[in-house]
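Asker: kindly return the folded structure for what I paste below:
(chains A, B and C)
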Amino acid sequence: MSFKRVCFWVLCLLVLSSTVFAAEKGPFLDRVYFDVRMQQDIGIQDVAAGKSDIFYYGVDGPAIQGLDRATLDKLEIYSIPSGSWSLLLNPIPNEAPYTVTVDGKEYFNPFAIREVRFAINHLINRQYIVDEILGGAGGAMMTMATPGQPGTYRYNLIASKLGLTPEGDEERALQEIKAALTAAANLPALKGKLKEGKDWWTFNGEPVTVKFAIRVDDPEGRAKEGEYVAQQIEKAKIKVERLMWDRAKSNNEVYGGNPADYQWHIYTEGWGAGATRAWWEHIVAQMYAPWYGYMPGGANPDNWNYTNAEIDRLTEKAYSGSCLTEEEYWETALEALRLGLEDAVRIYVCYQNQYFVANKAAFTNRFAYGLGDGLNEWSLITANTKNKELRATQFSAQGALFMSAWDPVGVDGFNDTYSNYIAGPLTDWEFFESPVTAIQTPNRAVPLMNTLRYGAELDAEGNLVGKVSIDPEAVRYDPAKKAWVKVGAGQNSLVTVRYKMVFSNYHHGVPMELVDYMYAAAFLQEWASKDGENDPYYDEEYASKMGPDAKVYRGWIYDFKKNEIVSYFDYYFPASEERMVGTFAPGFSVTASGHHIGVCWEVVEALARMVASKTSASGTVYSFSQTKQGTTQVDVLRPSCVADIKAELQKMIAEKYVPVSIKGYITPDQAVKRYQAAVKFIDTYKHAYISNGPFYLAKFDTSANYAELRASRDSSYPFTGQDWVNKFKTPVFSIDQMDIPVFNEKGKDIKITLTVSETIYPEDDRIPVEKGEVYLTLITDDAELRFDAKQVKAGVYEVVIPGSATKNLEAGSYTILGNATGEGAVPSVKPESLVIF
Amino acid sequence: MEKLAIKNIKLHYFTSKGVIRALDGVSFDLRAGETLGVVGESGCGKTTLGTALLNMPTPPGRIVAGEILFDGLDILKLNEDELRKQIRWEKIAMVFQGAMNCLTPVYTIRKQMMETILTHRKMTKQEAEERIIKYLNLVGLSADVLRRYPHELSGGMKQRIVIATALFLEPQVVICDEPTTALDVVVQAQIINLLKQLKEQLKLSFIFITHDLATEAEVADRIMVMYAGKVVEIGTNEQIYGPQRAAHPYTQLLMAATPRLRQKVDQLAFIPGTPPDLLAPPAGCRFHLRCPQVMERCRQEEPPLVEVEPAHTVACWRCGHE
Amino acid sequence: MYWKYVIRRIVSVFFTYVIIIFIYSALFNTVMEKTIRAQIGEQVKQEMMVQSHIMSAAELKRYQEERLAFHYKRYHLDEPFLSRVFWRAISTLKFDFGNSTIIRSAAGERKVLTIVGEKIPRTILLFTLATAIDIIIGVLLGMKKAQKPGKFLDQSTSIMTMVVYGMPTWWVAMILIMLFVYKIAIFPSGGLHSVPPPQGFAYVLDLLYHLALPLLTLVLIGFWGRAYLTRNIVLSTLQEDYIMAARARGLSERQVLYGHTLRSAAPPIATMSILSLLFSVGGGLIFEGIFSWPGMGNLYWVAIQQNDIPVLMGNLAVTTLFYLSGLVLLDLIYGVLDPRIKVGGKA
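Answerer: Purely as a prediction, here's the structure:
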C-alpha cells in the first residue's frame, strides 16, 4: 500500500472517529419512561429499591422521617420549600375605640389594635413550630417571600429590620400587648368597660374573646399550629374560642363572609407551592393589598373591608409596571411590604419542605430542579444516569397520567401536573425562567442587548406612555383584514429589542423558520379579537386570557437574511432588563394555558381549521375549550382527534393550502412538504405533539398509563446536556453561624465571626466559601451601618464593629444582619440580635 | 345356618363427657326367612343396633368388640369399600322411618333411587328405571312419584318409597327401624300388611325394630327384648306375648304397661324409674334398680342369657337359675 | 306462575332502583354543593396566583369573575337545584350518563360510560376472579373441615381464620409487598403493566404477571371466612338423617359429600357466593390504591374528591345495578336450589 493511501485511510479514520467522539447534541439521557403509582410509600420504596429512578412527587416531612436508615441511604433527596402557613386576622373596625356591635351587643376586638396584631409576630416562636410540628421539615417565614427562593432576601430583610426573628420574643410581645390594651382601656369611650382581670381582660364584665378558626382537616399540621398559637394568645390574657372548621366552612366564612359578622378573628391559612420566582411584587399585592381581594372583606363592596390606601397605591403601581426606574420599583414594592408587615393583618408563620427522592446509585450527578417548585423539565434535561435511561414514577390518586386534554392552544390545555411533567421536556421556549435564579434566560431567542431601548413617561391620567418610536416599516397582523399591515409613522412603544433566533429541526424533521413566528403572532391577534358578530376565528376564553397579551405587541420586523426579529412592545419593567425582554419575547407556541408547551403550526392550523369550520372528518365539532357546550376539546393525544388532525392535514395537502397569515412567505410546495412530514410523524408515533424540544414522545399507552420519551439526537439541536449543566451551575451561599459575644459594652470593639459555606447548585455538598463578599449590617434607629468582614480562612470571616460606631447608642437589643454575596451567586442574609449596654 | 349371627357386639360412643356404652355385649341370631322383632324403651340401643349391623355407627360411636357374621362372614372385618360394595344394600338393607328425614330433600325421588341402583349395579338407565317402577308398583305406588320431591309426598308414600328402595337390590336381610311409628293407624296397617306380603314374596329375613309392642306382636316371629344396651330376653312370639307370662321381669312389666282393648283399667301400669345412664351403668343387672323382683345377687352380678325353654333365653337371676 | 313471580320481582326491583338513583342524585347535589363552591373558590384563587405575572389589577378582577363563572357552569351550579337533581336522575336511569365534569378516560374521552366501562373489566379481572377463586377454595376447604370436625385440619384452619379475620386487607397487602416485591423481588410493585409494556401476547402475560400479587393477596385473605362458614353449614347438614341414610344405601363418600350434602347446603352457600361475586364489581378503594390498580373503587373515590357528579352517578348506577340484580337472581333461583321453598308464594 502506498504512503498516500495510508494517509488517506488514516484521515478517514480520524474524521470518522471525530464525529463519533464529538459531543452528542441533546440531553444526556436516551430514554425516559414515565409510569404511575397510586400509593406514595410504594413510590418511595420503588425508588429506593431501584425499580424506579425518580419519584416525581414532593412528599412531606413525615414520609421522609418515617424511613429507615437503610432506605434513606439509597435515596438522593431534593428538598424544596413548598407550601406555607400564615395567620389571617380580622381587624374590624381597625380604629379606636375598637368595638363592634353585632346583634345589638357590643364587643371589643383586640385585633383591631395594630400594636396587638404586630406583637403576635413576637408572641409566636416560629422556630418552635418548625421543630415541633413540622419535625424540622421546613423553616420560619416572616413575609410572603419564601426564603430560599431567588429574589426574596430583599423582602425578608425588611422583616429583619422590623425586628422579627424566628424565635420571637414572648416577653416583649406580652409587654407590648399589655401596653396597647392598657392604652385602649384609658380611652374615654372604653373607660370602665375594658378592664384587666386576673385571668383575662374583660369588656363589660365578660372576658375579651377572640374566635380562632382552626383547620381541623389538617390534624397533624394546622390543627396543632392553631392550638399552639391559641395558647400563646391566652398568655396575653385574651381568651381564645377555638373553632374547629374544615376547608369548606373556612372558605365560606373567612373568604366568602363579611368580617362584620364577627364570626372569626384569626384563621390558620395554608398556601400551596408557587413557582420559582424572582419577582415578588405581585405576591406583595396578593397578600397585603386590599384591592387584590385576599384581605378580610375580599374587596366585596357589600362587606366591611380592611383598607389601606397607601398599600393599594404602591402595589398597583409596582404591579402594573408603572415604575420608571429600577430604584423606583424596589422602593415601591419594599415599602408596600413594610406597610403590610406593620399592619400585621396577615402574619406569615413558616414554610414546609417537600422532598423529591431519586435513586442515588443510578445517577452520575444531581440534576437541576426549581428552587421554588421542585422537579421540572430541566431535571430531565440535566439528568444523567449510568445506563442513559431513566424511569420516573409519578404519583396520581387516579392512577392516570393523561388527565387533561393535550390541547396546545386553549386555556385549559395540559391542565394537570402529570401532563406537564411529560410534555415540558418536549418543548423549547424562546426564554425560560432559570430554575435556580428564576431570571429570564434566553434559550431560542437571544436578545441583542445593545439593541435594547426603552423609555416611558406618565400621561395626565398616570398611565405609562412609550417614548420609543416604532419603525414605520414594522408590521403587525390585522385580523379583520387578514393581512400584515405596516404600523405607519408616529407610533411609540415602551420597549424595543432585536432577537437572534436559534433554530433547530422540529421532531418531524422540518427546520424551524421565521415564518413560524409570524404565524404565531398572527394567530394570537386573530383568535383574541372578535371581528364582527360571527367571527369563527375567535375563542372567548382564549381572548379573555390572551387579549391583554395581544395588545402588548405593537410591531415586528422580520429579518429573513439574518434570522432575527425586532419587536416593539409595551411591557415596561426597568427593574430587570432580562424580565423586560424575556416575558414577551416572540414565540412559536400559541398556547394560552401558561404551561411550557407548544406544537408546530401545521398541527395548530389543522386544529384551527376544524374549530373554525365546525367540521372534521369524524363529524366531531371541536373547540379550544373544555366546557363549551356541544363541542369536544382538541387533544393531540386522543386517538379520535389525532385521526381527525391527520385527515385535515391530508385535506390541506390536497388543497395545497397555505394559511392566510403567512401567504407569500412560504410557497404551497413548501407547506405541503411540512404537512407531509407531520402526517408521517403521526403515522409513526400515533400522536400529534410535534415540537422542538430535546425529547420527543415516542410511545404512550393511556390504558397502561405509561409514556416513553426519547432524546432528539437531531444534529440541528443546538445544545448538549453539558451545556445545560454549565448554564445552571450556581453557587448558593449560606451563613451557617454567627458567633456574637453575649455582653457588649458600648464604645468598645465587638468582634463577630461568621461561618459561610456554599453549595454549587444543583449539588448539595457544602463547601466552605473561598471567594465572597461578606459584611455585617447594624440597624440603628437612624441608619444602617455596614462593616466589611475579612476572611480568616476558607469559610470563616471576621468582622469588627468599632467602638466608635456604638459609642453613642442607647443600651438595648439591636438587629444585625450577616450578608454573604458573590459573583453570580444566590446570596444569604442572616438576622441576629446584638445586645449593647 | 343362621343368616346373621351377632356375637357380643359392643358399640360405644366416645363423647367429650365420657364413654357411652350403648351396646354392651349384644348377641343373637337371625334365621333365614324369619322376622326378628327388637323391642325396648327409648335409649335401650335398638337403633344403634340397626346402624351397628351395617357397620355404620353414628359418630362418635365405634364398634369396639364383637362379630357380625353374615352367612359365616364377619362383616366387621371388611373395610369401608368392601362394606359399601358388597354388604350395604346388597346383602343387608335398612328401612328407616321414612316419614322423617331420610330422603334428601333437594333431589327428586327418581334421582335418589336411580343413584342407589346405579351405584350398585351396572345397568342402563332404561333397565334401572324398569326395576324401580317394578318395585314401586310392588309397594303400591305409581311411577309418577319419581318426579316428585320428598316434601311433596305424604308420610305413607315416603315410607313405601323407602321400602321400595330397600328392596330393589334384593337384599337378604332387611332391618326395619320404626317403619310405622310416625304414621297414622290406617296407613300403619297398610304398611304392616305390605311388609308381610313382601317377606313372603321375596323370601326376606326381617329385623323389625320398634317400641310398639302391638305392632311387634303382629309381625314378629321371634322377639328380642333389650334394656340399657343389653339383651334381656329372646323368645318366640307366643312365648313373649302368650298367656303364659314372659320370663324377664322387665318384659312382664312392658306387657303389663300396654293397654289392652278389652280390659278396663283404673290406672295404666308403668315402670317406675328411668333407664340408667349409659355413661356409668349400674353394676350387676342393669335393671335391678327398677326391678320389683330384685335380689341381692342382682345388684352384684350380671346375669347371663340362659335358655329357660327351647328357643327362649332370658338374662335374669330369677329365671333358669336354681 | 313462576313467570308472574319473576315479572313482579323485576318490577319491584326496578322501582327500588329508581328510588335509589333519585336519592343518590339528591344526596350528591346537596351535600357536594357546598364543597364544590368552596373548592372552586380556592381553585380560582390559585389560578389567579399563577396568572398574576402579567395582568393588571382590573384585569385580574375580571379574570376572577370569568373563572368563577366558568367553573360554576362546568359543575352545572348555575342551574336550579331541583332541576339538577331531577334531570341527573332521569338521565342516569336511561343509562345516558353524559359527560363527566373533569375526569377523563385513559384515551381522553369524557363520556362517563367509557370512563366507567374502562374500569369494570379491570375490577372484574382482579376482584371478581379473586372472589371466584376464594369461593372454590373456601367451599372445598370447608367441606374437608366438616368431614373431620375437631381434628387437626379443622382446628388449625379455624385458628388461622380468627387471625386473618382481624387483619385489614391493606395491611396484609403492604406486608406481602414488602416481602415479595422488595425483600425478594418476585413481583412488580404495582400498576397494570411494566414499563415499557411489551407487545403482542407478552402484553397479556405482563398483565397477568401484574395481577398475580394483588390476586394472591385477596385470595389469601378471603377464603378463610368462607371455609369457616361452609364448614359450619355443611357440618349441620351432615348431622341430618338423610345423610346417614344415603351412606347406608352404600353411596360412595364422594357422592354423599359433594352430592347430597353440598347440594342440600347449597342455598346458604349459593347466597353467600353469588352476592360476593356481584358485590366484587365495586372494587376496593384502598386496595386498588396500594397496588396502583385503578378500578371502580378508585374511580368512586376520585369522583368524590373532584366532585364529578356524573361519574359518581354512573359508577353507583352500575354497581347498584349489579347488587340489585344479584338479589333478584337469588330470589329467582332459590326455588331451584331448594325445592322445599315455594317460589312465588303460595303453591
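Asker: so how far is the helix ranked longest in chain C from its chain's centroid?
Answerer: Across chain C, the longest stretch assigned as helix under DSSP state H is helix C:2-51. Distance of helix C:2-51 from the chain centroid (Cα atoms, centre = their mean, to the nearest Å) equals 18 Å.
Asker: helix or strand right after it?
Answerer: helix C:57-74 (DSSP states H and E).
Asker: and that next one, which residues are buried?
Answerer: Buried residues in helix C:57-74, counted by 16 or more other Cβ atoms under 10 Å in any protein chain shown: C:Ala57, C:Glu59, C:Leu60, C:Lys61, C:Tyr63, C:Gln64, C:Glu66, C:Arg67, C:Leu68, C:Phe70, C:His71, C:Arg74. For every residue, glycine as well, the C-beta is placed using N, CA and C.
Asker: save those as a markdown table, and put in distance to chain B and pLDDT too.
Answerer: Shown next, in a markdown table, are the buried residues of helix C:57-74 (distance: Cβ to the nearest Cβ, whole Å; pLDDT from 0 to 100):
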| residue | distance to chain B | pLDDT |
| --- | --- | --- |
| C:Ala57 | 81 | 64 |
| C:Glu59 | 79 | 73 |
| C:Leu60 | 76 | 74 |
| C:Lys61 | 76 | 76 |
| C:Tyr63 | 73 | 80 |
| C:Gln64 | 71 | 81 |
| C:Glu66 | 70 | 82 |
| C:Arg67 | 67 | 81 |
| C:Leu68 | 66 | 84 |
| C:Phe70 | 64 | 80 |
| C:His71 | 61 | 80 |
| C:Arg74 | 57 | 74 |
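Asker: any idea of the mean pLDDT in the longest helix of chain C?
Answerer: Helix C:2-51 carries an average pLDDT of 80.
Asker: angle of that helix against helix C:57-74?
Answerer: Angular relation of helix C:2-51 and helix C:57-74 on a 0 to 180 degree scale: 170 degrees, by axes from the mean of the first three to the mean of the last three Cα atoms, to 10 degrees.
Asker: for the residue in the stretch 1-150 of chain B positioned nearest to chain A, what are its contacts?
Answerer: Closest to chain A within the stretch 1-150 of chain B is B:Val106: 45.5 Å, counting by Cβ to the nearest Cβ. Going by Cβ atoms under 8 Å, 6 or more residues apart in numbering or on different chains, B:Val106 touches B:Tyr149, C:His260, C:Arg263, C:Ser264, C:Ala266, C:Leu337, C:Asp338, C:Pro339, C:Arg340.
Asker: confirm that the fourth one sits in a helix.
Answerer: Yes: with DSSP: H, G, I helix; E, B strand; the rest coil as the criterion, C:Ser264 is assigned to a helix.
Asker: do you know how far it is from chain B?
Answerer: Applying Cβ to the nearest Cβ, to the nearest Å, the value for C:Ser264 to chain B is 5 Å.
Asker: coming back round to it: among the contacts of B:Val106, which ones are buried?
Answerer: B:Tyr149, C:His260, C:Arg263, C:Ser264, C:Ala266, C:Leu337, C:Asp338, C:Pro339.
Asker: I'd like to know how far the fifth one sits from chain A.
Answerer: Put plainly, it is C:Ala266. From C:Ala266 to chain A the distance is 39 Å (Cβ to the nearest Cβ).
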